[in-house]
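Undergrad: build the 3D model from these lines:
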Amino acid sequence: MKLKHTLLAAIGLAFAAGVHAQITVGVTVSATGPAASLGIPERNTVDLMPKEIAGQAIRYVVLDDQSDTTHAVMNIRRFVSDDKVDVVLGSTTTPNSLAMIDVAAESKTPMISWAASSTIVEPVDDKKRWVFKTPQNDQQMATAILEHMSNNNVKTVAFIGFADAYGEGWWNQFSTLAQVRGLNVVSSQRYNRTDTSVTGQVLQMMAQRPDAVLIAGSGTPAALPQKTLKERGYNGKIYQTHGVANNDFLRVCGRDCEGTFLPAGPVLVAAQLPDDNPVKASALAYIAAYEAAHGAGSVSTFGAHAWDSGVLLQAAVPEALKVAQPGTAEFRSALRDALENVREAAGAHGIFNMSPTDHLGLDQRARVMVEIKDGGWKLVN
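TA: Model prediction:
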C-alpha cells in the first residue's frame, strides 16, 4: 500500500510538472492591413525565434490584428483569458501597442512591443512597468535626423506625419529638438495611413519653400507624400523615419525614393558596418537566419524587432525560472523583473541594458544614418 501511494505521488508530481512544461507566448502582429509590410517580416521571424529556453519548451500563439487597434485589444484579451500566456509580444504599430497596455497591466502580463514610439514605455508608471519594447525611440532617431540636417546646411524644414500616435510622437520629439538646434519648422501637416491623396498638404508645405521635408510615416503608406512631392517638382532634401526601412517601401516608392535620408537600426546595413561595430555580429546572425528561410535580400529591420524580443526572452527566462514555474502569476511577475534587469544583451538592432526607468535599453549604438541610393540602402559615414 505504501508503495502504491508513493507511485501515485510520483505520478502526481510528474503530471504537475508537465502541466507547465512550456512557456506560452502570445503574439499579435499586423500581418494584414496598412502595416502589413512591417508585420509580415515580424510574423516570419517568429518562426525563427527560440523553441526552447533553459529546458522549457516555448509555444507561440500567433494572431493577426489586421493593423487595427480593436483587433489588437481583442487578441491580447484572448491571450490572457483563454491561452493563459506568460508574455505577450507585439503589436507592430504604435496605436495598437498603446491600446494593449491596459490589458497587460490589468492582467499583470509582461508585454514586449515591436512599435517605435517612446510613449509606449515612458514614463514607467504602474501600468507601463509591465511593458517593454525593442525598436529605437523616436527621440533617438529624431536626434540623428537633426544632426544630419545641421551638418548639411538645412535651416528650414516642413513636417508631414500620420494623423495618429506615431505621427504625433514624432512631431512632439522633432519639433522640440528642432527648436533647441535652431531649425525653423515652417509647416506641420497630417494624413491618414489609408489616404490616397496628400496634394493639399504638399502644396501648403511647398509654398513655404523649405530646405527639407521630414515624412513621419511607416511602411508603404509613407511613400505617398514623397511621390507627391516629386510629382510637384520639390527639389529639397527629403527625410523619412526608420518606419520605412524595408524593401516594400523601396518597391512602392521607386525612383522617387532616390537620395532620401533616414535613421535606421544597424541591421539594415550590417554588411557595411566596420568590423569593430559592437552590433555587427548580432545583426549578421539575424540576417543569416532570416535569409536562410526566406531568400537573399529578404531581410527587414521590422523582423529584427521581433528577433530582439526573442533575445530579451533568452536573457530573462532563465532568471525568472529561478523564482517560479511558467503558467503562474509568480512566473509572469518574475519574468517582468528579469526583463527589467537585462544587461548587455546583443540584439540585431543594438545592445540592450534595461533598468527600472528605461524599458527600451538601447543607446546610440542602435542607430545609423542611411541614404537610399541606386535603389538600395547606403550607410552614411
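
Undergrad: go ahead and report the secondary structure state at Arg190.
TA: Counting by DSSP: H, G, I helix; E, B strand; the rest coil, the backbone at Arg190 sits in strand.

Undergrad: and the strands in the stretch 151-300 of the chain?
TA: Assigned strands in the stretch 151-300 of the chain, in chain order: 156-162, 184-191, 212-216, 237-240, 261-264 (criterion: DSSP state E, counting those that start in this stretch).

Undergrad: and of those, who's closest to Arg255?
TA: Minimum separation from Arg255 across the strands of the stretch 151-300 of the chain (Cβ to Cβ) falls at strand 237-240, 12.8 Å. Where you see a C-beta, it was placed from the backbone N, CA and C, and this is true even at glycine.

Undergrad: can you list the strands of the stretch 151-300 of the chain in CSV and add distance to Glu147?
TA: Putting the strands of the stretch 151-300 of the chain into CSV (distance: least, Cβ to Cβ, whole Å) gives the following:
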stretch, distance to Glu147
strand 156-162, 13
strand 184-191, 16
strand 212-216, 13
strand 237-240, 12
strand 261-264, 9
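
Undergrad: quick one, which of those strands gets closest to Thr134.
TA: With respect to Thr134, and counting by Cβ to Cβ, the nearest of the strands of the stretch 151-300 of the chain is strand 261-264 at 14.1 Å.

Undergrad: I'd like the mean pLDDT over the closest one, please.
TA: Mean per-residue pLDDT for strand 261-264: 97.

Undergrad: returning to what we had before: can you redo the strands of the stretch 151-300 of the chain as a markdown table with mean neighbour count?
TA: Compiled in a markdown table, the strands of the stretch 151-300 of the chain are given as follows (neighbours: other Cβ atoms under 10 Å):
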| stretch | mean neighbour count |
| --- | --- |
| strand 156-162 | 25 |
| strand 184-191 | 18 |
| strand 212-216 | 25 |
| strand 237-240 | 24 |
| strand 261-264 | 25 |
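
Undergrad: to Asn246, which of the ones you listed lies closest?
TA: When these are ranked by distance to Asn246, counting by Cβ to Cβ, first place goes to strand 261-264 at 10.0 Å.

Undergrad: how about that closest one as CSV, C-alpha atoms only?
TA: Backbone C-alpha positions of strand 261-264 (Å, rounded to 0.1, in the frame of the first residue of the first chain) are rendered in CSV as follows:
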residue,chain,number,x,y,z
PHE,A,261,17.9,60.1,-45.9
LEU,A,262,16.7,58.2,-42.8
PRO,A,263,17.9,56.9,-39.5
ALA,A,264,17.8,53.1,-39.1
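
Undergrad: so what does that strand touch, helix or strand wise?
TA: helix 138-151, strand 237-240, strand 368-373 (3 or more Cβ pairs under 8 Å, 6 or more residues apart in numbering; DSSP states H and E).

Undergrad: now the helices for the stretch 1-150 of the chain?
TA: Chain-ordered helices for the stretch 1-150 of the chain, with DSSP state H, counting those that start in this stretch as the definition, fall at 2-19, 36-46, 69-78, 94-107, 138-151.

Undergrad: determine which stretch of the helices and strands packed on strand 261-264 is the most buried.
TA: Most buried of those by mean neighbour count (mean count of other Cβ atoms under 10 Å) is strand 237-240; its value is a mean of 24.
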